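Visitor: next comes the sequence, and after it the predicted model I'd like to discuss.
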Amino acid sequence: MIIAAIDSYLEVAPLAWRDAVVQWCPEPTQWLVHHLITIVAILAVFGTLFAFTPLAERKLLGRLQNRLGPNRSGLPWWQNGPKLWGLTQPFADAVKALTKEDIVPAAADKLLHFLAPVLIVAFSLLTFAVLPFGRHLVPVGLDAALLYFFAAGSATELAIFMAGWASRNKYSLLAAMRALAQVISYELPLILSVVPIVLIAGTLSLQDIVLAQGFWTFGFLPHWFVFTPWGFAGFLLFLVSALAESNRSPFDLPEAESELIAGHLTEYSGFKYALFFMAEYFGLTALSGLGVTLFLGGWQAPCAFLQFIPSWLWFMGKVIGMLLLFIWIRGTLLRLRIDQLTRLAWQFMVPLTLINLGNAAFWSLTAGWTGPLQLVRWGVSLAIIVIPFVLLGRRLSAGRHPRTYRYAAS
Amino acid sequence: MTFALIIISALILGCAAVAMALRNLIHSALLLIGSWAGVAAFYLWAGAEFVAFAQILIYIGAISMVVLFAVLLTRQGDAPEPVEFPSLSRFVTGLIAGGGVAGVLIGAILGMPFDVRTAQSAPALSVKELGAQLMGPHAVSLLVIGLLLTVALLGAVLLASDRRPDQPEDTP
Amino acid sequence: MSVSDLSSFTPSSGPTVRAVKDPFHGDLLEVSMGPQHPSTHGVFRMVVTLDGEVVVKLKPVFGYLHRNHEKIAENTTYLGSMPYTDRLDYLCSMTTNWAYALAVEKLAGQAVPDRAQYLRVILAEMTRLVNHSCLVGFLFNDLGTSFTPLLYAFREREKILDLFEALSGSRMMCNFQRFGGCRVDPTPEWLAAASRLVDNYPRFLDEYETMLTANEIMLARTQGIGILDAKLAVNAGITGPCLRASGYNYDLRKVDGYGFYPRFDFKVPLGAHGDTYDRYMMRILEMRESVKILQQAFRDLPGGPVMDPKAKIRGFRPKAGEAYGRIESPKGELGFYLISDGTPNPYRYRVRPPSLINLTLLEEMCLGHTIADSVVILGSVDIVLGEVDR
Amino acid sequence: MSPLQICLLLSSLLFCIGLVGVLSRGSAILVLLGVELMLNAANINFIAFWRYGPNPDAGTGIVFVLFSIAAAAAEAAVGFALVIAVYRHQRNIRLQEANRLKG
Amino acid sequence: MLGSGIINGLIVTAKNFVGSYHDPKRMVTVQYPEERAKLPENYRNFPFLITENATDPMGTLRCVACQICEKECPPQCIYIEKSKDKKPDATGKPQLYPAVFAIDTSVCMSCQICVEVCPFDAIKMDQVFEVAATDRFTGLLLDREQLAKPNSYFHEIHPTDAAEVDTRLATERQAAEEKAKAAAAAKAAAAAKAAAPKAAVKPAAEGGPTA
């Protein structure tokens, strides 16, 4: 019972703290303080997460590549002090970014060159407003939250375009073109891949979508959408589209360093560069949060008996898990070419998302099937998505396969 | 409330007017995107959340991309050429026509006593109700719009495709 | 910006770029990639003319690393040029050394003891492992991986370089071969360590191939890209794995049978398409063959001296004459042409660098592919700027 | 002045800005952008009348704006495709030169 | 099926991730300033000059300023000036010595050719690689005093080589000694001033030039 009490306290603790502070304020400013605290809390939590994500990325990539990763930075003014496993690296990086010279090319469009990093951070932060972080932690409980998320997220590519164009550098311009082509191609599959969720859950509100996943069979099999055939397919499609939307490897074409130096970031340095970097990780975190919310049960615990852990911890844990998955993918895969990227979107992702939509419709129509029919339902649903996947995949990779080689007769 | 509306209006009109007067196409396009964002803010102000998000998603997410793509694809060299006004007389004609229409409209609006609903709170219309409306009384229009979009997509692809009959299809 | 605007073009606006107006084919974009560019493998420059993202013209520009190697060698003693040959192809100093030593030995009629011959084969094949694993690593980097395959390759390369260091004293600038043998006799411990490493190498290759050879993105990015026609390649003098990837059977280890290569049993893999994927696979298969050669060499390595006792270190003056010594370096046919006039310095000294000659068909391979592909094609040709520019 | 009147003023001014742009600019892209502005002005009117009109719960204004936005998207797609086609043909996008109606 | 290659790749990187924690074959990193990889005996960096006596480095340089290395050095980074006078070397025989011996290590390419051509085993390769200097002109131009290091140091870094060199030198000296003895016996009367052969083991002493 004590555990339950502590748990229920922890569950609402952030809200309770906020209310305590708000009550202490004079009446007319209360609403302002109320929202400010929410904003500051989101900034603080995700700012910290942002600070340590690149460190985790570098450490994890290092380990994937059989290196150690950064492990040197210790405490300031204490040269031979403890190394702290390099955990102070983000602060060292921040100091470095802030003290670096900010170079603006003479031919650049100065205003846009300045606006682009500001805009991209602003837009990528906007998306956090509607994510349900916990059972009681929803910053803005919008009715059309999902739509809002995509609306706010769609503007980041605009900022990338501005950066690429304003730099007046050929590589940046090519990167801007690529960014546009990429967003035009992948906005569609990204949105289409989550439409089945809306269809099944019957709502655009993210909190309601999470609540719709809050059941367990036998107390340990969660009813997350990812554990259905259409949900799993949708999750994979979402994952690929999210990688493309957030310009992550293998879709990091706008900043393809092997041909375009750093793409739209070529002419950025110092703090402006850090802002782009920040926005990239904010965007990634927000998309991970959306993926977790839509497919992985949001803040729901995986097993019924694990519910004593506060819901916001589950959410953060899942988001971090998604981020690690993204890093792992980045550490392994190579980059697509721009025409292959758009081909993948239009010839593979879009048809599959549409088929998956039909699949979800089938799933919704057969909700009443029970007993052995349940097996039939699973089988049909699997077939609906796997067969087109195989066929389309075969078409996509037609003529490309590992080869066998002959040897010279000597 | 009215104060917010005036700020939003100033944003919309300012962006649009400057955009139409600039010679740099990219700046025009970006300012117009700002103007569209202002319109979305107006929808939010008016309480039409769903429309506001749709406006952002479609105008800022999609149409702006198409516009910028068009600007970039039709550029000469690495920067778009400054777009001059065709001629002074045409500009003056445009101004006179626009000013005339504006005068008529403003006069009509200010002169007309509108029967204004007194309720200050925005009417609540949930997404569910909106969906019911769309699929119920407006189902036919929805189908027509879907058809229109499909046809537009196909038409755009055909129009913009570079492929002449004598060119073999390039396989990337 | 048009051509007429060039005067107003400020250098701070990035790479030297201007738009080329072509009345028939839209706006072309001229991008000067390099000499400072992440994936030109050194100070190499490609002037690429782009139609959108597609390369319509490509001009390789090199010479940024020119350091007068041949003229310096003509003013240095025969022995004094040996450390300079390390700097030609700085990834494979052992084979460059050997090619030069071979040419001088031909010139002077110098015999080489059996143990040294075996040792040379061992070191050359280990160099092939080093070079090819480096190459595939860099190729994947050009293809856009975040250094993972490159670092796996470097991990294995480090182990071989450690052996080189233990034997010759330096990891990359080995300066190991001498006219008439090798400088140092390896200890039994060294041979045992090398043999162990070679036995473990196929495991690394298997892991590497599992990781990326069948990767769908890899196949899409490399198959059918940068096709090099065998006939064209032969006419242009392309050698090495690039030529064999086009299906033409020409391996100096078989053709010339220099050194003790005829004593070894190995096969020469041949490609069929001549595209980037074939060039990549040639390297992988050659590494497997190299492992076979190395295992035979460690098995059969005879005793005896590694240096001909009659060989002269000081006062080496070959009689007047000329000689051309060539070997199958990991990059292709590496040859040294020497004319002696009886003095301690060569009268004429000329290198036939495989990197430079393999680079000559870069434009033919890149035309019609995108800018991203041109980088990959350059990576698959395998150049080292030290050798290209000399 | 009531809020409705401000909204209507906003929309009419926006419409006129679009009109001036369409009439006085020669660039096809700017003309299309002017048309988009005029569409937006119309949408503002719909929302304003829905908000202050007699029957706000019907939601017809909102539905109409949604359709209008979709139509605008279609218009933009076709319009800019036309611009690109014109550019391919005559190497610029000045409208007064695009009068030959022949390839 | 599409995707199998990608999944295989992911598995390989995951294996490497796990392996980096327990498999020293995968994890080859050395934490440099704290840990140091053991240098192989053959490792070479820049040349140094061998002196016979640790206590008096300048007095007993093996180098006799024959200038062969200066001539053979490919990048010509060695500069030698012969001394005007002669002083007794380790065997007591009067020899020339380098009045100036300088190596520009910013030019030196560590090729070891000077070592190979030296007939006196006087110049050998060092293993010190932390040679960064703040002044690239004087800081990297090493003079005779900086280059001279005792034979015991050579024994430390190249034990096998040093032992071989010492044996060879000892036999040479013995041969020279016997030859001198024979010569002395033959011309005992005439050549009263033959070189004192005892010097082979006795380090030459105080007479050397001071730095």
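Guide: Structure's in. What do you need?
Visitor: for the nearest residue to residue C:275 once chain neighbours are set aside, what are phi and psi?
Guide: For residue C:275, ignoring the flanking residues on the chain, the nearest one in space by C-beta to C-beta, 6 or more residues apart in numbering or on different chains is residue C:227 at 4.9 Å. C-beta coordinates here come from the backbone N, C-alpha and C atoms, glycine included. Dihedral pair for residue C:227: phi -70, psi 130, per degrees, to the nearest 10.
Visitor: burial measure for residue A:79, as a count.
Guide: 7 (other C-beta atoms under 10 Å in any protein chain shown).
Visitor: equivalent analysis for residue A:300, please.
Guide: Residue A:300 is flanked by 26 other residues according to other C-beta under 10 Å.
Visitor: wait, isn't it in contact with residue A:210?
Guide: Yes: here residue A:300 reaches residue A:210: they are 6.5 Å apart, a contact under C-beta atoms under 8 Å.
Visitor: just for the chain, where's the confidence low?
Guide: In the absence of a named chain, this looks at chain A. Residue ranges of chain A with pLDDT under 70: A:1-4, A:6-7, A:410.
Visitor: my bad, the chain I had in mind was chain E
Guide: Low-confidence segments of chain E, defined by pLDDT under 70: E:53-59, E:89-92, E:189-211.
Visitor: spell out which parts of it neighbour chain C.
Guide: For chain E, the residues in contact with chain C (C-beta under 8 Å from any C-beta of the partner chain) are E:2-6, E:8-9, E:11-13, E:15-16, E:26, E:28, E:40-44, E:68, E:72-74, E:109-113, E:116-117, E:119, E:125.
Visitor: touching chain A at all, the helix or strand containing residue D:30?
Guide: Element membership of residue D:30 [criterion: DSSP states H and E] is helix D:28-52. No: Helix D:28-52 is not in contact with chain A by C-beta under 8 Å from any C-beta; minimum separation 15.0 Å.
Visitor: near chain B at all, the helix or strand just after that helix?
Guide: Remark: after helix D:28-52, the chain's next helix or strand is helix D:60-90, criterion DSSP H and E. Yes: Helix D:60-90 reaches chain B (C-beta under 8 Å from any C-beta) through D:60, D:62-63, D:65-67, D:69-78, D:80-85, D:87-88.
Visitor: buried subset of those?
Guide: D:60, D:62-63, D:65-67, D:69-78, D:80-85, D:87 (16 or more other C-beta atoms under 10 Å in any protein chain shown).
Visitor: and the helices in the stretch 201-350 of chain A, which stretches?
Guide: Using DSSP state H, counting those that start in this stretch, the helices found in the stretch 201-350 of chain A span residues A:206-212, A:229-245, A:257-260, A:270-295, A:311-332, A:338-343, A:350-365.
Visitor: ugh, typo on my part, it should be chain E
Guide: Assigned by DSSP state H, chain E shows helices spanning E:4-22, E:68-72, E:113-117, E:144-147, E:151-157, E:159-186.
Visitor: can you name the residues in contact with the fifth one?
Guide: When contacts are defined by C-beta atoms under 8 Å, 6 or more residues apart in numbering or on different chains, helix E:151-157 is touched by residues E:41, E:50-52, E:54, E:124, E:126-127, E:161-163, E:165-166.
Visitor: just the buried ones from the residues you listed, in PyMOL syntax?
Guide: In PyMOL, this line selects whichever of those come out buried by 16+ other C-beta under 10 Å:
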select buried, chain E and resi 50+51+52+124+126+127+161+162+165
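Visitor: max pairwise distance over the contacts of helix E:151-157: which two?
Guide: E:41 and E:52 (21.9 Å; C-beta to C-beta).
Visitor: low pLDDT regions in chain C?
Guide: C:1-27.
Visitor: select the longest helix from it.
Guide: helix C:114-142.
Visitor: do it and chain A meet?
Guide: Yes: applying C-beta under 8 Å from any C-beta, one finds helix C:114-142 in contact with chain A at C:140, C:141, C:142.
Visitor: for chain B, what spans make up the helices?
Guide: Counting by DSSP H, the helices of chain B are B:2-21, B:25-46, B:49-55, B:64-73, B:88-111, B:127-135, B:139-160.
Visitor: and for residue D:43, the neighbour number?
Guide: Residue D:43: 25 neighbours (other C-beta under 10 Å).
Visitor: touching, it and residue D:68? I think so.
Guide: Yes: with contact defined as C-beta under 8 Å, residue D:43 and residue D:68 form a contacting pair (5.4 Å).
Visitor: need the overlap of contacts for residue A:300 and residue A:210.
Guide: Both residue A:300 and residue A:210 lack any common contact, where contact means C-beta under 8 Å, 6+ apart.
Visitor: leaving out sequence neighbours, find the closest residue to the residue in chain E that chain B sits nearest to.
Guide: Relative to chain B, the nearest point of chain E is residue E:2 (17.6 Å; C-beta to the nearest C-beta). Closest residue to residue E:2 apart from its sequence neighbours, by C-beta to C-beta, 6+ apart: residue A:393 at 3.0 Å.
Visitor: pretty sure that neighbour contacts residue E:3?
Guide: Yes: using C-beta under 8 Å, residue A:393 makes contact with residue E:3 at a distance of 7.2 Å.
Visitor: of those two, who's got more company?
Guide: Set residue A:393 next to residue E:3 and count neighbours by other C-beta under 10 Å: residue A:393 wins out with 17 against 12.
Visitor: SS state for that one?
Guide: helix (DSSP: H, G, I helix; E, B strand; the rest coil).
Visitor: roughly how far apart are it and residue C:271?
Guide: For residue A:393, the distance to residue C:271 equals 26 Å [C-beta to C-beta, to the nearest Å].
Visitor: then residue A:236?
Guide: Taking C-beta to C-beta, one finds residue A:236 at 35 Å from residue C:271.
Visitor: looking at these two, which is more packed in?
Guide: Ranked by neighbour count (other C-beta under 10 Å), residue A:236 and residue C:271 place residue C:271 first, with 26 against 18.
Visitor: residue E:51 contacts residue E:62, doesn't it?
Guide: Yes: assessed by C-beta under 8 Å, residue E:51 is found in contact with residue E:62 at 7.1 Å.
Visitor: which of the helices of the stretch 201-350 of chain A sits closest to residue C:241?
Guide: That would be, of the helices of the stretch 201-350 of chain A and by C-beta to C-beta, helix A:257-260, which comes in at 21.2 Å.
Visitor: residue contacts, the residue nearest to residue A:206 when sequence neighbours are not counted?
Guide: Among residues not flanking residue A:206 along the chain, residue A:145 sits closest, at 4.4 Å (C-beta to C-beta, 6+ apart). Counting by C-beta under 8 Å, 6+ apart, residue A:145 touches A:130, A:204, A:205, A:206, A:207.
Visitor: could you redo the last one with a cut-off of 10 Å?
Guide: A:129-132, A:138, A:203-209, A:290, A:293, B:49, B:53, B:127 (C-beta atoms under 10 Å, 6 or more residues apart in numbering or on different chains).
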